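In: kindly return the folded structure for what I paste below:
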Amino acid sequence: MKRCCMDYKCIQCCLETEMSLSNEDIERIKGLGFATKFFITKRGGWLQLKNYNGGCVFYNGVGCSIYENRPEGCNLYPIIYDKEKNCAVLDEDCQHRDKFEISKTSIQQVSDLVLKLECERVQRKKSTTISLNPTSARVRSTA
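Out: Here you go, the predicted model:
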């Protein structure tokens, strides 16, 4: 039941979200006309959805204002990656998790998303290190 959240008018996952964003998510949302500083917060090298008044910046009091274009992690929810178990699981915080199934496809999608997010984070950290240290950038360019 993929539209369970909408059917039950549940917004639990939109409250105090820590949803990570991929570069693809960011470009898609920017394409809707939103400035990155409106919807992105940075935490420990991760780019995440910003919260406003305790909920996702795109929660408009009724639902998600970008539902059809929401981040991939939001689309996959309540299937999340559990680092301790090293696998995809149904989020224990989702009160309707019994309405969802974890399929081989969804496991692969979550695994692919986690890998993409981690790779993008590493890439961001590398480029930040280079741009923050112009001396090392000059050394590389002259070597």
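
In: distance of the residue positioned nearest the centre of the chain from residue 33?
Out: Residue closest to the average C-alpha location in the chain (Cα atoms, centre = their mean): residue 20, at 2.6 Å. Distance, residue 20 to residue 33, using Cβ to Cβ, to the nearest Å: 22 Å. Any C-beta I mention is one placed from the backbone N, CA and C, and that applies to glycine too.

In: spatially nearest residue to residue 12 (excluding sequence neighbours)?
Out: residue 95 (6.2 Å; Cβ to Cβ, 6 or more residues apart in numbering).

In: for the closest residue to residue 90 other than its chain neighbours, give its distance to residue 4.
Out: Nearest residue to residue 90, sequence neighbours excluded (Cβ to Cβ, 6+ apart): residue 97, at 4.2 Å. For residue 97, the distance to residue 4 equals 9 Å [Cβ to Cβ].

In: residues contacting residue 28?
Out: By Cβ atoms under 8 Å, 6 or more residues apart in numbering, residue 28 lies in contact with residue 69.

In: that one belongs to a strand, doesn't it?
Out: No - using DSSP: H, G, I helix; E, B strand; the rest coil, the secondary structure at residue 28 is helix, not a strand.

In: relative to the whole chain's centre, how far out is the longest helix along the chain?
Out: Assignment by DSSP state H gives helix 104-132 as the longest helix of the chain. Distance, stretch centre to chain centre, for helix 104-132: 11 Å (Cα atoms, centre = their mean, to the nearest Å).

In: ok, stretch 89-100 next?
Out: Worked out by Cα atoms, centre = their mean, stretch 89-100 lies 18 Å from the chain centre.

In: residues of it that come out buried?
Out: In terms of neighbour count (16 or more other Cβ atoms under 10 Å), stretch 89-100 has its buried residues at 89, 90, 94, 97, 100.
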